[in-house]
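>>> model this:
(one chain, ligands or ions: 2)
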Amino acid sequence: MKIAVLSRNPELYSTKRIVEAALQRGHECVVIDHLKCTMLNEPGKPRIFYKGEEITGIDAIVPRIGSSATFYGTAVVRQFEMMKTFSVNSSVSINRSRDKLRSLQIFSRHDIGIPKTVFANHTTKNIGALIDQVGGVPCVIKLLQGTQGIGVVLAETDKVAKSIIEAFFGLEASFLVQEFIKEAGGADIRCFVVNGRVVGAMKRQGKEGEFRSNLHRGGSAKVIKITRDERRTALLAARSMGLNVAGVDLLQSSRGPLILEVNSSPGLEGIEGATQVDIAGKIIEFIESKHKGGYKKDKILG
Ligand code: ADP
Ligand code: MG
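Ligands and ions are numbered 1, 2, ... in the order given. Prediction:
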């Protein structure tokens, strides 16, 4: 097969590992920078050009779209879909998972555990009522556009929560107000899902005094054995997004696992390091299984 990895940087650990796994398994593999693709559309003929040359003969793509290039990146994924090229994750599912609010709405519809969360806009008169709806302070305030822990704030008192919410409304920023899950203890669990299976899981612990467990914020990771309920919830969350490859983040709460978010281009370095599992190989294996069966449109719940 000829596989293309859509990635801005061939030197990134995840990109290198996917290329390596594809080559090891006897495939051709190229890295394509999605921002350097142009899309030409005319009746019956969707085409893609890369650095001026037409791309043809690609059997499958592995999108590794960073959050800063979601719009353009998913347009390129969609163009490949129009050309009937199989994508490990569909453009729709990537877009869906990138939006924290849209994701929570879908989880809520499917009765998947989530922290109680409220969304409102700047015309809101009673900010105190918003805070009460999620159980009062301490509460978490999250910018919708945030990633890697940036834009996630813990408001410990009513006064602080109100002034942050007022400030964000003043800026017309979009944000969520969320119940703080104290018993998670500054840790979360990342379940790496490939094709309806959890192929690796790790617990990430925030550094001392930090409630955010993001590795980018100084957190550390170690392998963990997840419970049946955690596995079930992680798989349901990935399926509700329509993602075949996903990094599902959940909090361990006193009422069971609660989903925080589902990442459509989850990093491989942390999870392969912690679990010693060849996750890149699992992704390529999944593409092979799809190729053998003939590509069919995935059934999605969302
Ligand atoms: P980002 O997209 O920036 O990673 P997250 O929603 O995943 O944003 O939040 C970052 C981290 O903050 C999480 O991994 C978790 O450790 C912590 N966190 C987020 N929301 C909550 C919450 N409601 N209760 C407790 N901890 C939380
Ligand atoms: Mg996160």
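>>> could I get the average pLDDT for the helix or strand residue 292 falls within?
Taking DSSP states H and E as the criterion, the element that holds residue 292 is helix 279-293. For helix 279-293, the per-residue pLDDT values average out at 94.
>>> so which residues make contact with that helix?
When contacts are taken as Cβ atoms under 8 Å, 6 or more residues apart in numbering, the neighbours of helix 279-293 outside the stretch itself are 1, 3, 14, 17-18, 20-22, 24-25, 27, 59-60, 62, 86, 88, 192, 194-195, 199-200, 244-245, 268, 271-272. Every C-beta, even on glycine, is put in place using the N, C-alpha and C of the backbone.
>>> can you do 6 Å?
When contacts are defined by Cβ atoms under 6 Å, 6 or more residues apart in numbering, helix 279-293 is touched by residues 1, 17-18, 21-22, 25, 60, 86, 192, 194-195, 199-200, 245, 268, 271-272.
>>> again with stretch 18-29
Contacts to stretch 18-29, defined as Cβ under 6 Å, 6+ apart, come from residues 1, 2, 3, 5, 62, 280, 281, 284.
>>> can you give me the buried ones in it?
18, 19, 21, 22, 25, 27, 29 (16 or more other Cβ atoms under 10 Å).
>>> ok, stretch 235-254 near ligand 1 or not?
Yes. Under the criterion of Cβ under 6 Å from any ligand atom, stretch 235-254 makes contact with ligand 1 via 249, 251.
>>> list the contacts for the most centrally placed residue in the chain?
The C-alpha lying nearest the average C-alpha coordinate of the chain belongs to residue 263 (Cα atoms, centre = their mean; 1.0 Å). Shown in contact with residue 263 (Cβ under 6 Å, 6+ apart): residue 247.
>>> looking at strand pairing, list the partners for it.
On the basis of DSSP bridges, residue 263 takes part in beta bridges with residue 247.
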